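S.K.: could you work out the structure for the sequence below:
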Amino acid sequence: MANQKAIKKRLSSVKNIKKISKALEMVAASKVQKAQEKALASKPFADRIFELMQRLDSKVSEKEIPLLRKDKITGNRLFIIVTSDRGLCGSLNSNLLRHISSFLENFKDGTNYFITVGKKGRFFSLEHGELLADFSDAKPKESAVTYITRSAMDEFLEKRIDSVYIVYSDFVSALNQEAKVKQILPLVGNKKAGFEEEKNIKNGSKYTYEPDETELLNMVIPFYLETQVRDVIFESEASEHSARMVAMKNATDNADNLSYNLNLQYNKIRQQAITTEISDIVTASASLTK
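M.R.: Just a heads-up that it's a prediction; the model follows:
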C-alpha cells in the first residue's frame, strides 16, 4: 500500500510538470516566430549599409579611418556577450560559454573586458575579466544597442583596447544553434566593392559622394556597427526561444514516457495486491471448511 501511494504521488507530480513544460513549449514556439520576423526585417537595411561601406572602403585609406586601425597598442580586448537571462533552454548557454572559454585561450597577454547582455554571460565575465557594463535588465534587449555600440567604439578610439568581439548563438534552424565569435572592431577592410565600382563605371554609371568618402565612411560605420549588434541580439533571441521550445518538448515527451512506466508499475503492484488478497481469502475459506 505504501508503494502504491508513493507511485501515485510521483505520478501526480510528473503530470503537473508535463503541464508546465507543455505550456512553456507553446510560449517559446510563438516567440521563435516573432524573433525570426524581427531578424529578417532588419536584414535588408544591414545589407544596404554593408554595400555602401564596401564601396566607400575601396576608395579611402585605412589611415584616414580610426575604426580601421589594426595596430596593437595595449593587447586588451573587449567581448560583447549575448546570452539568455533564464535557463530551461537546454545546453544553449553552456555551449556558448564553453566556446568563448576556448577562444580566450588564444590570448596570452592583455586584459579581457566584457559588456554583457543576459545574466548567464554576466556571471562568466566576472570570473574571466573585467565587466564594463551589464544590460541584463534591458527590456527589450535591443533598447541597449546604441549604448553598447558607443561604449565599444569609445574604448577602441581611446586606445584602451585593440579589438572588439561579439559572442552569440547564431540561429541556424529550430534544431540547430551555433555558438559564434565575430570580430566587429577593427573593421576588416573589404576591397570587393572596387570590382563593383569598376563594373558600374564601364556601364556608364559612377557614384558621386557628398560629403567626401572619408567623412561619409566615418558617419556610416557607427550605423553599421549598430546593425551588427542589433542583428546579433535578434539572432540570439531566436536561438534562445527555439532551444527552449525543443528542450520543453523533450521534457514533455519524457514526462509522457515516465507517466506510462509509472502507470504500468502502479497497476502491477495493484494487481499483485489484489492477487494476494484473493489468495488470502481462498486460503482462509479453505481452512474454515475443514
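S.K.: ranges for the helices of the stretch 151-290 of the chain?
M.R.: Per DSSP state H, counting those that start in this stretch, the stretch 151-290 of the chain carries helices over the ranges 192-202, 213-289.
S.K.: and those, which is most packed in?
M.R.: The highest mean neighbour count among the helices of the stretch 151-290 of the chain, using mean count of other CB atoms under 10 Å, belongs to helix 213-289: a mean of 17. Any C-beta I mention is one placed from the backbone N, CA and C, and that applies to glycine too.
S.K.: check contacts around A238.
M.R.: Counting by CB atoms under 8 Å, 6 or more residues apart in numbering, A238 makes contact with V32, A35, Q36, A39, F171.
S.K.: quick one: name whatever helix or strand follows the one helix or strand the second one maps to.
M.R.: So that's A35. Assessed by DSSP states H and E, A35 sits inside helix 2-57. Remark: after helix 2-57, the chain's next helix or strand is strand 77-82, criterion DSSP H and E.
S.K.: elements contacting that following strand?
M.R.: helix 92-104, strand 112-117, helix 119-128, helix 145-157, strand 163-173, helix 213-289 (3 or more CB pairs under 8 Å, 6 or more residues apart in numbering; DSSP states H and E).
S.K.: can you list the strands that the shortest one pairs with?
M.R.: Looking back up the chat, that one is strand 112-117. strand 77-82 (parallel), strand 130-134 (parallel) (DSSP bridges).
S.K.: out of these, the one nearest V232 is which?
M.R.: strand 77-82 (5.8 Å; CB to CB).
S.K.: check contacts around T252.
M.R.: With CB under 8 Å, 6+ apart, T252 has these contacts: K18, S21, K22, E25.
S.K.: what of A35?
M.R.: Applying CB under 8 Å, 6+ apart to A35 gives the contacts F171, F234, E237, A238, H241.
S.K.: quick check, pLDDT for the residue lying closest to it once chain neighbours are set aside.
M.R.: Nearest non-adjacent residue to A35, counting by CB to CB, 6 or more residues apart in numbering: A238, 3.8 Å away. Note for A238: predicted pLDDT of 92.
S.K.: just give the number of residues close to R77.
M.R.: The number of residues packed near R77 is 22, by other CB atoms under 10 Å.
S.K.: quick check, it in contact with F156.
M.R.: No: the pair R77 / F156 is not scored as a contact, 10.0 Å apart, by CB atoms under 8 Å.
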